[in-house]
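**Q** Next comes the sequence, and after it the predicted model I'd like to discuss.
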Amino acid sequence: MRALPGGVVLEVAAGPFERELCSRGLAVDDHFLGEREIAALAACAQERRRRGEFTDARIGAAGGLQRRADIRGDSICWLAQPLLPAEQALLASLESLRLALNREAQLGLFELEIHYGSYPPGAGYQRHVDQPQGSAARTVTLVLYLNTGWSAASGGELRLYLGPGAARDILPVGGRLVCFLTRGLEHAVMPALRSRLSITGWFRTREA
């Protein structure tokens, strides 16, 4: 259930997407956003870039972070207050997803950390996992794509390493949401011929 202002309570039901994630550890929704929402969020990213809020992504543990564009070539911008209207709408949708996942699988998800990720042509992110050393709080990884007119010829796939000799490539098509259980799942962002934009985040549990 979800409590709204005025005492209104909504029932949040889990659908096929949530059940797929909980049963298989990976789910893809090709139509999480429509064209208007994609354009509005891309405009938000552009505005935040204009303000100078994007920074080069770095790798390494806290206190030893470094820029290694040969390993990770994106720039990022954390979603921070004050949020723009399209960002507020997105976070409301993701909050409904969080509640549905908790309802379906009792994952104990209690917060979301989330940022824009912008990759210039030729940049990627080598094989990695999303849980920082010494922390298991990140439980569900989500990637939401904001690219229009994307084709297979442009590259830029999210490559998920699902087991020995098994991998799945997912194109960064606009409006597509990819979620997977974070723990131990190695993945990479393949270089692309075009610039590409996404929103990446993690539903987190409380640290033990």
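**A** Here it is on my side, so go on. Note that the structure is a prediction, hence the values are computed from the model and not measured. Residues are numbered from 1 along each chain as shown.

**Q** tell me the pLDDT at Met1?
**A** Predicted confidence (pLDDT) for Met1: 34.

**Q** and the nearest residue to Gln133 once chain neighbours are set aside, which of the three is it?
**A** By the measure of C-beta to C-beta, 6 or more residues apart in numbering, the closest residue to Gln133 outside its immediate chain neighbours is Ala61, 5.9 Å from it. Quick note: C-beta positions are derived from backbone N, CA and C, even for glycine. The three-state assignment at Ala61 reads coil, by DSSP: H, G, I helix; E, B strand; the rest coil.

**Q** What residues sit buried inside stretch 54-74?
**A** Across stretch 54-74, burial judged by 16 or more other C-beta atoms under 10 Å covers 54, 57, 71-74.

**Q** which of the residues you listed sit farthest apart?
**A** Taking C-beta to C-beta, the two most distant members of the buried residues of stretch 54-74 are Phe54 and Ile71; they sit 18.5 Å apart.

**Q** In the chain, where is pLDDT below threshold?
**A** Filtered on pLDDT under 70, the chain yields the residue ranges 1-14, 62, 208.

**Q** now the helices for it?
**A** 16-24, 35-50, 85-105 (DSSP state H).

**Q** mind putting those helices in a markdown table, distance to Thr200 included?
**A** Shown next, in a markdown table, are those (distance: least, C-beta to C-beta, whole Å):
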| stretch | distance to Thr200 |
| --- | --- |
| helix 16-24 | 16 |
| helix 35-50 | 12 |
| helix 85-105 | 12 |
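
**Q** Please identify which of those helices is closest to Gly117.
**A** Per C-beta to C-beta, nearest to Gly117 of the helices of the chain: helix 35-50, 9.4 Å.
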